[in-house]
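Chemist: give me a model of this one.
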Amino acid sequence: MGKSVKKSRLDNFLNFVEIAGNKLPHPVAMFFGFFVITIIFSFILSKMGVSVSYSEISKSTGQVVQKTTTVQNLLTNEGIRGIFTSAVKNFTGHAALGSIVVAMLGVGLADGTGLLSTLIKKLVLSTPRGLVSAIVVFAGVMSNIASDAGYVVLIPLGAVIFLSFGRHPLAGIAAAFAGVSGGFSANLLIGTTDPLLGGISTSAAQIVLPGYSVDATANYFFMFVSTFLITIVGAWLTDKVIEPRLKEYKGPKLEIDEKTELTKEEKKGIRMALISIIIFIILILLMILPENAIFKLTPKEVEAFVAANHRQPGTMELLKPFFGQSIVFVLMLAFFIPGLAYGITAGTVKSHKDVIKALIKAMSSCGQVFVIIFISAQFVYVFTKSNIGIVIAVKLANILKSMGITGIAAAVGLIFLTAFVNLFIGGASSKWLMLSPVFIPMFVELGLSPEYTQLAYRIGDSTTNIISPLMSYFPIIVGFAAKYSEREEDMGMGTIIAMMLPYSMAFLISWTGLFIIWTLLGLPIGPGVSMFI
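Modeler: Okay, the predicted model is just below:
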């Protein structure tokens, strides 16, 4: 009886969030409203003289500098001119725009030729139904190694996979989004975020510990285990909480009969697609592995890195031209090449016109996404330009510091502070540049290592990504989800937040619980890395 009451209360709360959220205007209108409200508050708060002083690590020098930031009035001549002159740049420079356009060209061809549907049929025929959620969440977590690729490829693919199993496509989007964004810091491999945050932590640690260095592997043991935690919690929530409360899906069905076998043409196409992707992978490895590989930093770039960071670059840093700048295009080719090979072999591509039709169809499906990106980009610009997010973050950090808490309680406090600040300031590195000079010296005084402080920050930074409208890809998820709504115009932010809130809260609680247990057991959080100084 107790379990049903709890479920009912949770369901009622989520229904309230969804209904209240969806009574708000369309996401495009909402972001425009946020845009206007931010400008008004920038005027009010600047007239009140609201400002904060804090230490920050300079991106250019890596040194700690003292800064004073005031709320900027955007209703000045300069502010208004900036809104007009940057509008196009805000749109074209949006983190999601280029990734979506480029990646969707490859995915669109793979879909248009029938490769994706055949692969999904193969997946359905060979995968136990009960493991689908876990596979999608796990794939989402692991996709972080490829920068933002998971957002533009795996999340819409999650919907198609669930649909193929006769399940609700929105649950597939939720599971993939939870893994990609909610489990952002977890992984079985060292990703691009690890050396980036390690470099910032090194600069902050050297304020009180001259010569101290935080390696890219500083949190590896903990994040390795966290991958399985996020997968298990995310899959359970998808099956037991998220999907059961979704309304019946009445759109086109893709359920595949488990007795259906692949046709002779499909088998030949899959074989050729496999051969083409193996050749492609070999070529990419030849551009990565040799000493003077195309995708590695040049000797001059290595010298510049050493001069700026006072250390040799790690493996992920050496491959920054690949993981940081080329990965989306490589991913596009990883879909485009086997998609083309499949189409030619299976007979679904008879001329170059079939390829062009598939590419145009892929782009035409992104119309609503582009509109949302344009409006949300303008909102993010004014919010960032106003400095309101920085003021909120610094004032909350000062409150936590003044509370005088120690030990695990201080670390847990940092987790929850970061989770809250993450709702206002996106980007793992931008927040850490500001928070690390405050908390790493503070935690060192408490006997806690810089690596341990960084770990607490990373947990908080990941868990609320999926409910923050300021997260670059959040409005894009609304656009993806609208495709599976009875009417696209009815899909609101309330539905997405109600879907993702259980993941956010469960990840925050369970991940913090693992953090506390790990601390109490005194386990190393990375190779040769202790939690204590």
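Chemist: quick check: longest helix of the chain.
Modeler: helix 493-521 (DSSP state H).
Chemist: which residue, other than its chain neighbours, is closest to Ile270?
Modeler: Among residues not flanking Ile270 along the chain, Thr118 sits closest, at 6.0 Å (Cβ to Cβ, 6 or more residues apart in numbering). Placement of C-beta: from N, CA and C, glycine included.
Chemist: quick check: that neighbour touching Tyr342?
Modeler: Yes: Thr118 lies in contact with Tyr342 (Cβ atoms under 8 Å); the separation is 7.3 Å.
Chemist: before we move on, back to that, what helices or strands is the longest helix of the chain leaning on?
Modeler: Where contact means 3 or more Cβ pairs under 8 Å, 6 or more residues apart in numbering; DSSP states H and E, helix 493-521 is packed against helix 2-23, helix 169-177, helix 220-237, helix 407-421, helix 450-463, helix 474-482.
Chemist: buried deepest among those, which one?
Modeler: Ranked by mean neighbour count, the helices and strands packed on helix 493-521 are led by helix 169-177 with a mean of 29 (mean count of other Cβ atoms under 10 Å).
Chemist: got the angle for it vs helix 493-521?
Modeler: 40 degrees (axes from the mean of the first three to the mean of the last three Cα atoms, to 10 degrees).
Chemist: looking at Thr118 and Tyr342, which one has more neighbours?
Modeler: Tyr342 (30 against 22; other Cβ atoms under 10 Å).
Chemist: which SSE is immediately downstream of the host helix or strand of the more buried one?
Modeler: Per DSSP states H and E: Tyr342 is located in helix 327-346. Proceeding N to C from helix 327-346, the next assigned helix or strand is helix 352-364, under DSSP H and E.
Chemist: just checking, Val50 touches Val71?
Modeler: Yes: applying Cβ under 8 Å as the test, Val50 and Val71 come out as touching, 4.8 Å apart.
Chemist: more neighbours, the two?
Modeler: Ranked by neighbour count (other Cβ under 10 Å), Val50 and Val71 place Val71 first, with 22 against 17.
Chemist: contact partners for the residue nearest to that one when sequence neighbours are not counted?
Modeler: Setting aside the residues directly before and after it, Val71 is nearest to Leu45 in space (Cβ to Cβ, 6+ apart), at 4.0 Å. By Cβ atoms under 8 Å, 6 or more residues apart in numbering, Leu45 lies in contact with Val71, Ser386, Ile388, Val391.
Chemist: quick check: the farthest pair among those?
Modeler: Using Cβ to Cβ, the contacts of Leu45 reach their maximum pairwise distance at Ser386 and Val391, which is 8.9 Å.
Chemist: which one's more surrounded, these two?
Modeler: Ser386 (22 against 19).
Chemist: so what's the more buried one up against?
Modeler: Ser386 makes contact with Thr38, Ile39, Phe41, Ser42, Leu45, Val71, Gln72, Leu74, according to Cβ under 8 Å, 6+ apart.
Chemist: what about it, distance to Pro128?
Modeler: Using Cβ to Cβ, to the nearest Å, Ser386 is found at 51 Å from Pro128.
Chemist: got it, and Val65?
Modeler: Distance from Val65 to Pro128, counting by Cβ to Cβ: 55 Å.
Chemist: higher neighbour count, these two?
Modeler: In terms of neighbours (other Cβ under 10 Å), Val65 is the more surrounded of Val65 and Pro128; the figures are 12 against 8.
Chemist: where does the prediction get shaky in the stretch 151-300 of the chain?
Modeler: 192, 253-260 (pLDDT under 70).
Chemist: now with 50?
Modeler: Within the stretch 151-300 of the chain, no stretch has pLDDT under 50.
Chemist: need the helices for it, in chain order.
Modeler: 155-164, 169-177, 193-205, 220-237, 264-286, 299-309 (DSSP state H, counting those that start in this stretch).
Chemist: how many other residues sit next to the nearest residue to Ala293 once chain neighbours are set aside?
Modeler: Counting by Cβ to Cβ, 6+ apart, Met287 is the residue found nearest to Ala293 once chain neighbours are left out, at 5.5 Å. By the criterion of other Cβ under 10 Å, Met287 has 15 neighbours.
Chemist: now swap in Phe84 and tell me
Modeler: Neighbour number of Phe84 under other Cβ under 10 Å is 8.
Chemist: from the contact counts, what lies against the helix or strand where it lies?
Modeler: Element membership for Phe84 (DSSP H and E) is helix 77-92. Applying 3+ Cβ pairs under 8 Å, 6+ apart, one finds that helix 77-92 contacts helix 367-386.
Chemist: I'd like the next helix or strand past the helix it packs on.
Modeler: Remark: after helix 367-386, the chain's next helix or strand is helix 388-402, criterion DSSP H and E.
Chemist: just the angle between that following helix and helix 367-386, please?
Modeler: Using the same axes, to 10 degrees: helix 388-402 against helix 367-386 is 60 degrees.
Chemist: so what touches helix 388-402?
Modeler: For helix 388-402, contacts defined as Cβ under 8 Å, 6+ apart pick out 38, 41-42, 45, 50-54, 69, 71, 383, 413-414, 417, 420-421, 424-425, 431, 434-435, 438-439, 442, 470.
Chemist: what residue in the protein is the furthest from its centre?
Modeler: Of all residues in the chain, Lys264 sits farthest from the chain's C-alpha centroid, using Cα atoms, centre = their mean; the distance is 39.2 Å.
Chemist: so where do the strands sit in the stretch 1-150 of the chain?
Modeler: 51-57, 64-70 (DSSP state E, counting those that start in this stretch).
Chemist: just the pLDDT at the residue nearest to Val71, thanks.
Modeler: Confidence at Leu45, expressed as pLDDT, is 95.
Chemist: likewise for Met505?
Modeler: pLDDT, Met505: 95.
Chemist: for the residue nearest the centre of the chain, which non-adjacent residue is spatially closest?
Modeler: When Cα atoms, centre = their mean is applied to the chain, the residue found nearest the centroid is Ser181 (3.5 Å). Leaving aside its sequence neighbours, Ser181 sits nearest to Asn465 (Cβ to Cβ, 6+ apart; 4.2 Å).
Chemist: gap between the one you found and Ser46?
Modeler: Distance from Asn465 to Ser46, counting by Cβ to Cβ: 29 Å.
Chemist: looking at these two now, which is surrounded by more residues?
Modeler: A direct count of neighbours by other Cβ under 10 Å for Asn465 and Ser46 places Asn465 higher, at 28 against 21.
Chemist: in contact with that one, which residues?
Modeler: Counting by Cβ under 8 Å, 6+ apart, Asn465 touches Ser181, Gly182, Phe184, Asn422, Met471.
Chemist: and which of those residues is nearest to Phe335?
Modeler: Checking the contacts of Asn465 against Phe335 by Cβ to Cβ gives Ser181 as the nearest, at 21.3 Å.
Chemist: since that was my last question, I'll sign off now.
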